[in-house]
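**Student:** This is a predicted model, with the sequence first.
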Amino acid sequence: MNYFNYFTEIEDTFIRRRGKHLLLSPMDWALIESWKEMGVPLHVALRGIERAFDSYESKPRRRSVKSLLYCQEEVEAQFAEWQEAQVGAAEQKNGERILQEQSDDSHLPFSRAAILEHMERARVALLQICEERKKRRKDDLCDALSRAVSRLEELEKDFKRAARPDAEKLEDALTSLEEILDEALLKSLSSRELKAARAEAEEQLQPYQSRMERTVFEQTLENLVLKRLRDTHGLPRLSLFYL
């Protein structure tokens with residue numbers, strides 16, 4: 001993750017969660033700089049921002065979030081937890097492998113190897129889609145795919161060398177990436193393609209509509225539309241649920 005991407009990913013996440021475009025202040029940029037110098041991994045900073053906004057939205061307040069400083073405490077708390085998880089990870093010369101006897105994987109829902117294989121498989125698939133799409137045109141989906149590949153690579157490395165990797169936090173990061181890709185995919189499609197996918201999904205659900213509450217039906221419909229579009233465009237699922 002290069003220097004430029006570190007700043008832009010944090011900025012994009014803050015703006016997306018805030019819901020309104022707001023340029024970061026010089027103080028916000030200085031805060032990001034301090035996180036970078038402290039060695040806060042990008043995925044840890046993003047998780048802190050997401051958690052800070054989750055907390056804010058669970059108890060809405062009159063005053064809106066206007067500065068990244070609102071997220072500082074949560075980001076640094078997440079960084080402290082991440083550092084604690086690294087204790088005991090003995091790295092070899094190549095900087096990647098860890099001594100298995102010093103790691104604890106017993107708490108994981110799947111083996112570390114299976115999770116790493118899942119992430120690598122998804123990353124390779126996304127990279128291939130990105131490269132193929134670039135040959136035809138470069139759009140927001142291309143950009144989202146490229147960003148997802150970079151962040152997946154960082155998540156892989158971090159998960160691989162952690163003494164006690166946290167599957168729940170990894171799942172949060174993967175789910176967030178899926179949401180970014182879904183949003184970019186929807187924006188990249190023509191209204192005709194979206195209408196066609198929705199019509200097919202509605203036809204499939206029609207026999208069950210009378211037995212479902214309206215809100216449940218609408219959510220199921222949206223999920224089915226997204227599934228069809230992901231399948232059509234070959235986007236892999238990132239969540240560990242699909243491992």
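**Tutor:** Good, I have the coordinates.
**Student:** Could you give the number of residues near the residue lying closest to residue 166 once chain neighbours are set aside?
**Tutor:** Spatial nearest neighbour of residue 166, excluding adjacent residues (CB to CB, 6 or more residues apart in numbering): residue 85 at 6.2 Å. All C-beta spots, glycine's among them, are computed from the backbone N, C-alpha and C. Residues within reach of residue 85, counting by other CB atoms under 10 Å, total 17.
**Student:** Now do the same for residue 85: its pLDDT.
**Tutor:** Model confidence at residue 85, given as pLDDT, is 76.
**Student:** what's the answer for the one 4 residues further on, then?
**Tutor:** Predicted confidence (pLDDT) for residue 89: 54.
**Student:** What of the one 5 residues further on?
**Tutor:** Looking at residue 94, its pLDDT is 47.
**Student:** Residue 241 now?
**Tutor:** The per-residue pLDDT of residue 241 was computed as 89.
**Student:** OK, contacts around the most centrally placed residue in the chain?
**Tutor:** To find the centre residue of the chain, average its C-alpha atoms and take the closest one (CA atoms, centre = their mean): that gives residue 177, at 2.5 Å. Residues near residue 177 by CB atoms under 8 Å, 6 or more residues apart in numbering: 148, 151, 152, 238.
**Student:** With secondary structure, neighbour count and distance to residue 13 added, can I get these in a markdown table?
**Tutor:** Supplementary listing: these in a markdown table, determined by DSSP: H, G, I helix; E, B strand; the rest coil; neighbours: other CB atoms under 10 Å; distance: CB to CB, whole Å:
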| residue | secondary structure | neighbour count | distance to residue 13 |
| --- | --- | --- | --- |
| 148 | helix | 24 | 13 |
| 151 | helix | 22 | 11 |
| 152 | helix | 22 | 16 |
| 238 | coil | 27 | 16 |
